[in-house]
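1. Fold the stuff below for me.
(one chain, ligands or ions: 1)
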Amino acid sequence: MAEKSKINQLLAQFGYDKTRLMDILLSINEMQGFVGQEDMQNISDSLGISMAQVQETLSFYHFLSQKPRGKYNIYLDSSIIAFMNGREAVKEAFEKYCGISFGEVSDDGLFGLFNTSCIGMNDQEPAAIINDKVFTNLTPYRVMNLVEGMRAGKHIDDLVYEDYGNGNNSDPDVRAMVNNHIRKKSIILKNDYEPYSLLKSKLKDYSPEEVISEIEASNLRGRGGAGFPTGLKWRFGRRTEGKHRVIICNADEGEPGTFKDRVMLTEYQELVFEGMVVAAYATGADIGLLYLRYEYKYLLRFLNRKLAKMREDHFLGKNIAGVKDFNFDIRIQLGAGAYVCGEESALIESLEGKRGEPRDKPPFPVEKGYLGYPTIVNNVETLATAVKILHHGAEWYSNFGTKDSLGTKLLSISGDCRYPGIYEVEWGTSIREILAMSGADDVQAIQVGGPSGMLIGLKDINNLDNSELMKWYKPSGMMIAEKFFDRRLSYSDLPTGGSIIIFNNSRNLLREVVMNFMDFFIEESCGSCSTCRNMPLLMKNKLQKILDGHGIRKDIYDLLNWGKVLKASRCGLGQAAGNPILSSVFHFRHLYEQRIQSLTSFDSGFDLGKATATSSEFVNKKPAFHHF
Ligand code: SF4
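-> Modelled structure (predicted):
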């Protein structure tokens, strides 16, 4: 455990503020690799909170530990794309050269091997985080060299086996071997904008009300997936009374297959920060928080440097942009590994130093959010888009996209295609066009919107009557198109937060893909609703039964029914946790039918009479009568 004096120093650094518990735990974890019992006791005594409260937070996050881990901790991405790109061989190589299995720490305390959910590198898998540094495009040979280097005691920075990545990935404060892979630019990514132009000139010509009206006129909708109108959210935020108002930028993209925020924060962070300042101006906020997922910790120093420069240039601080009494600053809060924190109220809980468990709504964050203040939570892409809209005007923006979905959308495309990466496309782009631009052939299926979204096929391959299924399951928010090939990205047809994963015909959709997605939801449930805690595991087991050839037709209906039960969960994670199975039953029903078709007269071989013979004999015996 850390010396008491060091803990005290840390606590003082964070002002003995219990809402900074995440930072305190992260700092101790970084200092010594874990947070021990005595550390917890010290924290509890000094902050005046119970041990249980400290432990609750500590035990919730993947990257915090209560037990010593290794000198080198290796977190290997377990997303489906990693598996498709050779993860198994990489995993075996780590186990072979480190001499331990995943989930273990070596006896000499040198290595810790851990699985982790998607780390936002699906365009360069297999990838791992080792002591907060990202290593991409791993192979068994590279693993051998890495482990050799670690055994030789090299610093993690000296183990990078390729040049640093392009753009700001090679900045001295980043030094990551990550590549941006920006494949297609449109109105947001086009480098036609001098950072902070709005703050330098235009902003003071607009009243906050005019800023909100312009965003409303543009019909900008939240880009995180839910699609709530941004202008309306800002208006609600402005109207709600509070001693403070808060702008939160949600940079906790954890949906497997999504990595656009990574690229935005690496190359377009000024647009995002400027969006936060503009949102603060419009809503009257004075507190700004950017919640950065732990997996992107390698960007933290670089982003803080950019914020320091903004303060120097008077784009943060007091009387920003020459507007009297417009005071606002931004702090970056690092997450600690929990997908559910992407949900806005869970994210707020985490920002307050607690477990990232979603809150009951209402009240919504805009009424009562961070520390009870009116809080506006916007996505990275939404904030950047708002800046471009205000710069060019809502009318300009209406030239792009479709009638119900204006503008463009950033896509993270990965999987079986020649050009994985970031694409900025207009809403209304068809799946056919996406496949052509990303170089995908021989396509079997596409996962739109990550595991929470839907698995769609490219043709009407089922040739089966889905009407019976439709009584049980109707995919929400989608039109049932005859030809899925021509479906278009839009809020009325195929809405998406931006993750597109392509699978070719060599992939086993149910065994590899759907099972992987179900494991993800099982792992990431916060556990507070019984539905979400139990049903995904039950559904996975039922699917396994079908895959093992023991399924009967009723099992499919059980799956659909249970998926429906899951919709009663408190937050989007639980509500979507059945989607991998529901959408695969719907679009790939033939794969299920193939497994059960020979079993219409299923005989399990189980003989109830035989199995209960002994107990029946016992029960049927005349009870012995004892005299006392
Ligand atoms: Fe937690 Fe799942 Fe319930 Fe969401 S649905 S609150 S993740 S248990």
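
2. Distance check, the nearest residue to P195 once chain neighbours are set aside against the ligand.
-> Nearest residue to P195 in three dimensions, chain neighbours excluded: E270, at 3.6 Å (Cβ to Cβ, 6 or more residues apart in numbering). All C-beta spots, glycine's among them, are computed from the backbone N, C-alpha and C. Separation of E270 from the ligand (Cβ to the nearest ligand atom, to the nearest Å): 34 Å.

3. One more: C532?
-> C532 sits 3 Å away from the ligand, taking Cβ to the nearest ligand atom as the criterion.

4. Is that residue in a helix, a strand, or coil?
-> helix (DSSP: H, G, I helix; E, B strand; the rest coil).

5. quick one: contacts for it?
-> For C532, the contacting residues are F521, S525, C526, L566, S569, R570, L573, G574, A577, by Cβ atoms under 8 Å, 6 or more residues apart in numbering.

6. The residue nearest to P195 contacts Y196, correct?
-> Yes: between E270 and Y196 a contact is recorded at 6.6 Å, counting by Cβ atoms under 8 Å.

7. Grab the most central residue of the protein for me.
-> Nearest residue to the geometric centre of the chain (Cα atoms, centre = their mean): G254, 1.2 Å.

8. among the contacts of C532, who's most crowded?
-> With neighbours set by other Cβ atoms under 10 Å, the maximum within the contacts of C532 is found at A577, which has 29 neighbours.

9. any idea where the strands of the stretch 201-350 of the chain begin and end?
-> Taking DSSP state E, counting those that start in this stretch as the criterion, the stretch 201-350 of the chain carries its strands at 246-251, 287-292, 329-334.

10. how deep is D171 tucked in, by neighbour count?
-> The burial count assigned to D171 is 15, neighbours taken as other Cβ under 10 Å.

11. what pLDDT does it get?
-> D171 carries a pLDDT score of 96 in this model.

12. swap in S492?
-> In the predicted model, S492 carries a pLDDT score of 86.

13. Spell out the secondary structure type for L510.
-> Taking three-state DSSP as the rule, one finds L510 in the helix state.

14. can you tell me which residues contact it?
-> L510 sits next to L543, I546, L547, S584, F588, L591, Y592 when contact means Cβ under 8 Å, 6+ apart.

15. now the residues you listed in JSON lines, with neighbour count?
-> Written out in JSON lines, the entries for the contacts of L510 read as follows (neighbours: other Cβ atoms under 10 Å):
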{"residue": "L543", "neighbour count": "25"}
{"residue": "I546", "neighbour count": "22"}
{"residue": "L547", "neighbour count": "17"}
{"residue": "S584", "neighbour count": "25"}
{"residue": "F588", "neighbour count": "22"}
{"residue": "L591", "neighbour count": "19"}
{"residue": "Y592", "neighbour count": "22"}
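
16. Looking at these, which are in helices?
-> Secondary structure from DSSP state H places L543, I546, L547, S584, L591, Y592 of those in helices.

17. Report pLDDT for the fourth one.
-> Just to be clear, that refers to S584. Per-residue confidence (pLDDT) for S584: 94.

18. try the one 4 residues further on
-> On pLDDT, F588 comes in at 91.

19. what do you get for G322?
-> Per-residue confidence at G322 stands at 89 (pLDDT).

20. Could I have the CA atoms of stretch 244-252 written out in CSV?
-> Extracted in CSV, the C-alpha atoms of stretch 244-252 (Å, rounded to 0.1, in the frame of the first residue of the first chain):
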residue,chain,number,x,y,z
HIS,A,244,-24.2,26.5,-11.9
ARG,A,245,-24.9,25.0,-15.2
VAL,A,246,-22.7,22.3,-16.6
ILE,A,247,-21.6,21.2,-20.1
ILE,A,248,-20.3,17.6,-20.4
CYS,A,249,-18.6,16.2,-23.4
ASN,A,250,-19.1,12.5,-23.5
ALA,A,251,-15.9,11.1,-24.9
ASP,A,252,-16.5,7.6,-23.5
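
21. nearest to the ligand, of the strands of the stretch 201-350 of the chain?
-> With Cβ to the nearest ligand atom, the closest approach to the ligand among these belongs to strand 246-251: 16.0 Å.

22. Buried residues, the closest one. List them.
-> By neighbour count, with 16 or more other Cβ atoms under 10 Å as the criterion, the buried positions of strand 246-251 are V246, I247, I248, C249, N250, A251.

23. likewise stretch 168-186?
-> For stretch 168-186, the neighbour count (16+ other Cβ under 10 Å) marks 168-169, 174-184 as buried.

24. Among those, which ones are in strands?
-> Taking DSSP state E as the definition of strands, the buried residues of stretch 168-186 contribute I182, R183, K184.

25. In CSV, list those along with pLDDT and distance to the ligand.
-> Compiled in CSV, those are given as follows (pLDDT from 0 to 100; distance: Cβ to the nearest ligand atom, whole Å):
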residue, pLDDT, distance to the ligand
I182, 98, 32
R183, 98, 33
K184, 98, 34
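
26. can you tell me which of the contacts of C532 are up against the ligand?
-> When Cβ under 6 Å from any ligand atom is taken as the criterion, the members of the contacts of C532 that contact the ligand are S525, C526, S569, R570, L573, G574.

27. Next, the contact list for whichever residue of the stretch 51-200 of the chain sits closest to the ligand, please.
-> In the stretch 51-200 of the chain, the residue found nearest to the ligand is F60; the distance is 10.9 Å by Cβ to the nearest ligand atom. Contact partners of F60, counting by Cβ under 8 Å, 6+ apart, are A336, A338, R355, G356, C526.

28. distance of P229 from E210?
-> Spatial separation of P229 from E210 under the definition Cβ to Cβ, to the nearest Å is 17 Å.
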